[in-house]
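Asker: build me a model:
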Amino acid sequence: MVNNNESFQNNSIIKKDEKLEINIEIGGTTLTALLENNETTHDFLKLLPVTITMKELYESEKYAELSVQLPRAGATRQGYEVGDIGYWAPGNCLVIYYRQTGEIINGLQIIGKINENIDVFEKYKGSVEVRITKSE
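Answerer: Numbering: from 1, shown residues only. Coordinates of the predicted model:
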């Protein structure tokens, strides 16, 4: 039986107050991010651990095309905040926003947030290898 603090997705019970954290390693620096608790995030977590090459876009974001299409769960929005981790469904891309440009983006779902040291991404112009793992 599923109670009011749980939901049933993908044959598993997800507690609504469960903290979902990941580690993002870039150039020897490890950042921690807190993820939203929804179906998109849970399917993303199934891909981990993963090492991806993230490309530069507008000197404000790093993105990488994912190997599988994720479900869209939750509201999409057109803007972002510095530190947001997004899933851009039209391009099937994971995106990390490290500088604000005021860009309007259709089809963006925010799946998490990096709360500190996001400026480390500014050190790496162009493409960079990033390793993403589940936090222990």
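
Asker: buried ones in stretch 53-64?
Answerer: 54, 60-64 (16 or more other C-beta atoms under 10 Å). In this view, the C-beta of every residue, glycine as well, is placed from N, C-alpha and C.

Asker: which ones among these map onto strands?
Answerer: Residues of these located in strands (DSSP state E): 54, 61-64.

Asker: out of the residues you listed, what pair is the most spread apart?
Answerer: 61 and 64 (10.8 Å; C-beta to C-beta).

Asker: that older thread, from the buried residues of stretch 53-64, pick the one nearest residue 44.
Answerer: Using C-beta to C-beta, residue 64 is the member of these that lies nearest residue 44, at 11.9 Å.

Asker: mind listing the strands for this protein?
Answerer: Ranges of strands in the chain, per DSSP E, are 6-9, 12-15, 20-26, 29-35, 50-57, 61-65, 84-88, 93-97, 108-114, 128-134.

Asker: pretty sure residue 78 contacts residue 109?
Answerer: No - contact criterion C-beta atoms under 8 Å: residue 78 and residue 109 do not qualify, at 11.2 Å.

Asker: between the two, which is the more surrounded one?
Answerer: residue 109 (20 against 10; other C-beta atoms under 10 Å).

Asker: I am finished for the moment; much appreciated.
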